[in-house]
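S.K.: build me a structure from this.
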Amino acid sequence: MGYRNNEYKLQADKNANRKGIWHVSVASEIEVIKDLKAVANVGVERNQDKTSNTHPAFILGGLIYSITDNMAVDFGVKGGLNKPENDLTFLVGMAFKF
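M.R.: Residues are numbered from 1 along each chain as shown. Prediction:
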């Protein structure tokens, strides 16, 4: 769960977009083999557009590979479950632990 203040500098943006954006999701992971995890996430976020009450919903799946104890790379695919969410997004990332 999360919340962000969606503050805009332009008056036109303030009139068209919501200020408070909430986000709710649930995720799970399972270790497939040593240093490789499969992950899944499903969630919804408040639509920024004040004129829409349909909030973007998504499902995401991916893999996380730990290169070392302090570094991992990840790959994922995110799919939209309704019209406000993007249909398909490919994700790539790297994480460092300190």
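S.K.: can you list the low-confidence ranges for this protein?
M.R.: Within the chain, the stretches with pLDDT under 70 are 8-12.
S.K.: residue ranges for the helices of it, please.
M.R.: Listed in chain order, the helices of the chain (DSSP state H) span 11-16.
S.K.: in it, which strand has the most residues?
M.R.: strand 20-33 (DSSP state E).
S.K.: in that one, what's buried?
M.R.: I21 (16 or more other Cβ atoms under 10 Å). Where C-beta positions appear, they are placed from N, C-alpha and C, glycine not excepted.
S.K.: send me it as PDB with only the CA atoms.
M.R.: This file holds the C-alpha atoms of strand 20-33, laid out as PDB (Å, rounded to 0.1, in the frame of the first residue of the first chain):
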ATOM      1  CA  GLY A  20      -3.800  12.300  -3.900                       C
ATOM      2  CA  ILE A  21      -2.900   9.000  -5.500                       C
ATOM      3  CA  TRP A  22      -3.200   5.700  -3.600                       C
ATOM      4  CA  HIS A  23      -1.700   2.400  -4.700                       C
ATOM      5  CA  VAL A  24      -2.500  -1.200  -3.400                       C
ATOM      6  CA  SER A  25      -0.900  -4.400  -4.500                       C
ATOM      7  CA  VAL A  26       0.000  -7.800  -3.300                       C
ATOM      8  CA  ALA A  27       3.100  -9.700  -4.400                       C
ATOM      9  CA  SER A  28       4.700 -13.100  -4.000                       C
ATOM     10  CA  GLU A  29       8.000 -14.700  -4.800                       C
ATOM     11  CA  ILE A  30       9.400 -18.300  -4.900                       C
ATOM     12  CA  GLU A  31      12.900 -19.500  -5.300                       C
ATOM     13  CA  VAL A  32      13.100 -21.600  -8.500                       C
ATOM     14  CA  ILE A  33      16.700 -22.600  -8.100                       C
END
